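1. Below is the structure, and that's it, no one-letter string:
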């Protein structure tokens, strides 16, 4: 889907997101894949829907706020003195550029992000 036009509605939970496997160096356990639907920009901020299937993978984050639409995961901050967080539908999370994380997805996780 190209940019989300003003005055329109999409159902974020059912947007088709073509999945790709993660690079081997990011996978810790399982065979997780990710899908992405970019919806354009809003006042210069990227907007989209992202999804990850069950498994554990590492990542280096960008500045982002996201709202979990569905699924469950645990995020461990591997380079910060922060407690791990458990996330699920309805949760709002803020990440910042450079955070190193390990995501363990137990139920396919789908989120709407602003970054």
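-> Cool, the structure landed. What you see is a predicted model, and the numbers here were worked out from it, not measured in a lab.
2. Pick out the residue nearest the middle of this structure.
-> The centre of the chain sits closest to residue 50, judged by Cα atoms, centre = their mean, with a distance of 4.7 Å.
3. Tell me which residues touch it, please.
-> Residues counted as contacts of residue 50 (Cβ atoms under 8 Å, 6 or more residues apart in numbering) are 17, 34-37, 66, 110-111, 113. Every C-beta, even on glycine, is put in place using the N, C-alpha and C of the backbone.
4. Just among those residues, which is most surrounded?
-> residue 111 (24 neighbours; other Cβ atoms under 10 Å).
5. average model confidence for the helix or strand harbouring that residue?
-> For residue 111, the enclosing helix or strand under DSSP states H and E is strand 100-114. For strand 100-114, mean pLDDT is 98.
6. name the helices or strands packed onto that strand?
-> For strand 100-114, the packing partners by 3 or more Cβ pairs under 8 Å, 6 or more residues apart in numbering; DSSP states H and E come out as strand 45-52, strand 55-60, strand 64-77.
7. Just want the angle from it to strand 45-52.
-> Orientation of strand 100-114 against strand 45-52 (axes from the mean of the first three to the mean of the last three Cα atoms, to 10 degrees) gives an angle of 120 degrees.
8. who does strand 100-114 pair up with?
-> Strand 100-114 has the following strand partners under DSSP bridges: strand 45-52 (antiparallel), strand 55-60 (antiparallel), strand 64-77 (antiparallel).
9. how about the ones you listed in JSON lines, adding distance to residue 10 and mean pLDDT?
-> Formatted as JSON lines, the strands paired with strand 100-114 follow (distance: least, Cβ to Cβ, whole Å; pLDDT from 0 to 100):
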{"stretch": "strand 45-52", "distance to residue 10": "9", "mean pLDDT": "96"}
{"stretch": "strand 55-60", "distance to residue 10": "25", "mean pLDDT": "98"}
{"stretch": "strand 64-77", "distance to residue 10": "12", "mean pLDDT": "98"}
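10. Throw those strands into a markdown table and include distance to residue 24, thanks.
-> Shown next, in a markdown table, are those (distance: least, Cβ to Cβ, whole Å):
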| stretch | distance to residue 24 |
| --- | --- |
| strand 45-52 | 16 |
| strand 55-60 | 10 |
| strand 64-77 | 20 |
